[in-house]
Every structure is written in structure tokens, then in C-alpha cells.
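1. show me the folded form of this:
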Amino acid sequence: MKKLFLALVASFLACVGTAQAQSALNEILDTGVLKVGTTGDWNPMTVRDPATNAYKGFDIDVMTALASDLGVEVEFVPTDWKTLVNGVVAQKYHMTGSASISPSRMKVAGFSESYIAVEMFPFTHKDKADNFDGYASINQPGVRVATTLGTTFEGLVKSWFPEADIKVVEAPARGFQEVIAGRADVFVTSNIEGSQLVQKFPLTRVKNAGPRAPTPIAMLLPQNDQVWINYVNNWIKVKEKQGFFAETEAKWGL
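-> Predicted coordinates:
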């Protein structure tokens, strides 16, 4: 019996050692590169300059700081919203930038601790501002609501506006672009992105449509890699105590 027990313990420790050896953390440290999936289309979180392919934004600053503390380089891997989770699962990158925590994503991927939260609002073109007053005015036949495939917003608009005409576009197209171009009437986005869009384009929040779906934001990580998840979670705690996240939020107007 004692021999069997010792054999089981040895087998368990071997499995633990194998799991640790296969952690993304070990790979990152061995290769000297942290690979981060990012969409480049969520201002001010991640924005790609098409002329240079360079990225900037809140996420980019966070991931650059994480790589620096790891003592490695950061490589931003282009992705889109419909394949964001699959990229983590398929090990195309070690993690993603900010993504909303949702039950569907939690089924197949892990999440870090949340470090920021968003609320959702409907927006329309300024020329159509008088056409809408509250959520019920949007949920009408003939009202075109645009959203991007694979985003959290897609599920929200289908739930909130079942009577409206939902127009789903694929990235790099975005719902707000459809509204600006006159191909849609309304889109839904977060307070974070919305605050940037209304400064750059003739867009406005739908009046008397208050915030909905408060959502924590975190990084997507491999679901079964607890070593890597623990590292990222503790890194977030340390940087929060140091004021890094508060400073970075202020820099990007969050």
C-alpha cells in the first residue's frame, strides 16, 4: 500500500511538473517574446495605424508594461472580435488585450482579474437625434441597428432590439461606421469608446437611454494554464497598488 501511495504521489508531482513546463509563462521567458492578440479597432483601448501597422492605446501601454516587467519583448498579433477567443485557445498568442467578461467566453477561455469596467449605450447620428427617445424608440420595425460580428455588442442589440432590423457587419467594419455612412440608424458601444467617437464624428448618445449591462473588463488567457493566470493576476494587483492603472486610465481619458 505504501509503495502504491508513493507511486501515486510521484505520478502527481510529475504531472504538476509537466503542467508547469508547458505554461505560457515558461514559453514567454524562454523565447523572450510575449504575444498579445489585439484588434486595433477599439479606441482608446487599442488603435492600429494602417500606415505603419503600429498600435497605441490603453491596452498597448498595459501590455508593454507587462512585457517590460517580464523582461521580454511584446509582439502584437492582429486579430478580430469573432476570432479573439479562438486565438487564445489555438495558442496563436499568449493572451489578449482588454475584453469583456462573458459566460460564453468563460466556457472556453480563462480571464485575468478585472481592472476596469464599462457600461453600454446606444448612439445615433446627430442628424437623427430627434428620431429617438429611449430604448423603446429603437426597438421598432424599420430601425436599422448595426453591430459587429463576434462582439459583446452583437448579443446585446439582438436581445434589446428584437423588433428592429439588425445589421451585422464583419470586422474591420464597425457599427458606428455604418451609422456615419447612413447605412444604419443606431449602434451600441461602451461609454469608453463612445466618449471618443462623439469627439471625432457627428454622433451622439440616444437621449433618455441610460447605461445598461455594466461589464467588467479583463485579459483573455488560456483556460487551463493556472501558472500563467496566477502571474498575470498578481501582476495586476501590484500595478494597481503602484497606481499604474489609474495613471494609464487618466492618460487615455477613461
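2. now do the strands in the stretch 51-200 of the chain.
-> In the stretch 51-200 of the chain, the strands defined using DSSP state E, counting those that start in this stretch lie at 55-56, 73-78, 95-96, 98-100, 110-111, 116-125, 144-148, 165-169, 186-190.
3. how about those strands in CSV, adding mean neighbour count?
-> All C-beta atoms are positioned from the backbone trio N, CA, C, and that covers glycine. Below are the strands of the stretch 51-200 of the chain laid out as CSV (neighbours: other C-beta atoms under 10 Å):
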stretch, mean neighbour count
strand 55-56, 18
strand 73-78, 16
strand 95-96, 26
strand 98-100, 24
strand 110-111, 21
strand 116-125, 20
strand 144-148, 24
strand 165-169, 16
strand 186-190, 26
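4. so which of those is nearest P214?
-> strand 116-125 (5.1 Å; C-beta to C-beta).
5. got the angle for that closest one vs strand 186-190?
-> 160 degrees (axes from the mean of the first three to the mean of the last three C-alpha atoms, to 10 degrees).
6. what's strand 116-125 packed up against?
-> Secondary-structure packing of strand 116-125 (3 or more C-beta pairs under 8 Å, 6 or more residues apart in numbering; DSSP states H and E): helix 175-180, strand 186-190, helix 191-200, strand 203-205, strand 212-221.
7. next one: the shortest one to chain centre, how far?
-> I take that to be strand 203-205. Relative to the centre of its chain, strand 203-205 is centred 22 Å away, using C-alpha atoms, centre = their mean, to the nearest Å.
8. coming back round to it: point out the most buried one among the helices and strands packed on strand 116-125.
-> Stretch with highest mean neighbour count among those: strand 186-190 (a mean of 26; mean count of other C-beta atoms under 10 Å).
9. so what touches that strand?
-> The contact list for strand 186-190, computed with C-beta atoms under 8 Å, 6 or more residues apart in numbering, reads 118-124, 132, 138, 143-147, 153, 156-157, 160-161, 164, 174-176, 178-179, 197, 206, 215.
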